[in-house]
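> Please work out how this folds:
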Amino acid sequence: MNLRYRALLAAVALAIIAAPAYAQQSSTVTQADVQRLQDNVYLADRDLSQLRSRDATRATQLGTELDDLRDEVVYLKVKLRKERTLSRTEYSDVRDRIEDLRSRARSDVAAAAPASTPTPAPAPSSAANSATTVSRSTSAPGNTTSTPSTTTTASSVEVPVGTEIDVRLQNTLNSGTAQVEDRFEGATLADVTVDGRLAIPAGSIFRGVVTAVEPGTRTNRTSKMTVSFDQVTLNGRSYPIRGTVTQAIEGEGIRGEAGRTAAGAGVGAIIGGILGGFKGALAGILIGGGGTIAATEGKEVELPQGSVLRVRMDSPVQIDTQTRH
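Sure thing, here's the model as predicted:
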């Protein structure tokens, strides 16, 4: 009996000793976590774009805060790569401040809306990814318009034609190596809602296909590649779609980091506008009708992994909400 009692005490002691280590391990911040911060910075910038058309002064004020947060995300990413560790407290503080800024920007947009306009769908309270309200105007990213033809039922919701959805590429696409019918995938950056109901959650998988490709040659200096999307998968169920690429947005993370670090630059020298995340259209390419992507510099068309493609829905898709867990 005494031996069994001692064995029990020893087991309890070991559990107490191991608990802090386990807690520390469970709170480890990963590169994927920091990538989500970059995605949220991008979404915050889009929120400010909506606010800027109504209250430019307020948008400028919040833009200054966002610039500081963008720099802090760069700092966290560099620190994680250099030191291979990052406290959950540091990560959570920046994450919460980004979400707070987004909440203020969205509330300012709602407050500035003219009284004669329809009341917009309520913004979600998610702390990680906010929703894209269907449907956005294809002429100006970030704008929202109503869609009277949208069909919803108690058990389903329809994402209408014209909805634009931002999808982060999980593969690299290059016109020099791609073949017709090659498949690739991307993950949605933000929730898509219709009339306040969640239709396509952030992180859903869009499947794409290369439908045409013209690699660069000595006689053909303008390489081209056409891609489209034919399927979206969410909650374990796949739905057929028809989606056309309308814009490619730079999303490579931190540019020039390796060269600066190798030269012995400190973290402070790395910060300052080198976050490649979402500064605008991807350089060196032009997107034409039907999603055809052409190189503008006599090189191959290349869409790096992590680039963001803006996909316009060319057919409605009815999402079954009863299959959600």
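
> where exactly do the strands run in the stretch 151-300 of the chain?
Using DSSP state E, counting those that start in this stretch, the strands assigned to the stretch 151-300 of the chain run over residues 156-159, 164-169, 173-174, 183-188, 191-194, 197-200, 205-214, 224-234, 237-249, 285-287, 292-295.

> actually the stretch 1-150 of the chain, not the one I wrote
According to DSSP E, counting those that start in this stretch, the stretch 1-150 of the chain carries its strands in the segments 131-133.

> where does it dip in pLDDT?
1-27, 112-150 (pLDDT under 70).

> As TSV, the strands of the stretch 151-300 of the chain with mean neighbour count, distance to residue 72 and mean pLDDT would be great.
Backbone N, C-alpha and C define where each C-beta goes, glycine included. Rendered in TSV, the data for those read as follows (neighbours: other CB atoms under 10 Å; distance: least, CB to CB, whole Å; pLDDT from 0 to 100):
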stretch	mean neighbour count	distance to residue 72	mean pLDDT
strand 156-159	21	35	92
strand 164-169	24	21	92
strand 173-174	20	31	92
strand 183-188	18	24	93
strand 191-194	23	25	90
strand 197-200	22	30	92
strand 205-214	18	30	93
strand 224-234	21	32	93
strand 237-249	17	22	92
strand 285-287	18	30	85
strand 292-295	20	33	88
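
> Out of those, which is closest to residue 302?
Nearest to residue 302, of all the strands of the stretch 151-300 of the chain, is strand 173-174, at 4.8 Å by CB to CB.

> What strands line up against that closest one, and which way round?
Strand 173-174 pairs in its sheet with strand 302-303 (antiparallel), by DSSP bridges.

> Quickly run through the sheet partners of the following helix or strand past the strand it pairs with, with directions.
The first helix or strand that comes after strand 302-303 along the chain, using DSSP states H and E, is strand 308-313. The partner list of strand 308-313 in its sheet, established with DSSP bridges, is strand 164-169 (antiparallel), strand 237-249 (antiparallel).

> In CSV, list these along with distance to residue 50.
What follows is these, written out as CSV (distance: least, CB to CB, whole Å):
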stretch, distance to residue 50
strand 164-169, 14
strand 237-249, 17
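
> To residue 82, which of those strands lies closest?
Nearest to residue 82 among the strands paired with strand 308-313 is strand 164-169 (24.7 Å), distances taken as CB to CB.

> Just the CA coordinates for that closest one, please, in PDB.
What follows is strand 164-169, C-alpha atoms only, in PDB (Å, rounded to 0.1, in the frame of the first residue of the first chain):
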ATOM      1  CA  GLU A 164     -16.300  38.900 -55.800                       C
ATOM      2  CA  ILE A 165     -14.400  36.700 -53.400                       C
ATOM      3  CA  ASP A 166     -10.700  37.000 -52.500                       C
ATOM      4  CA  VAL A 167      -8.800  33.600 -52.600                       C
ATOM      5  CA  ARG A 168      -5.200  33.000 -51.500                       C
ATOM      6  CA  LEU A 169      -3.300  30.700 -53.800                       C
END
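
> and that strand with strand 205-214, angle?
Between strand 164-169 and strand 205-214, the angle comes out at 80 degrees (axes from the mean of the first three to the mean of the last three CA atoms, to 10 degrees).
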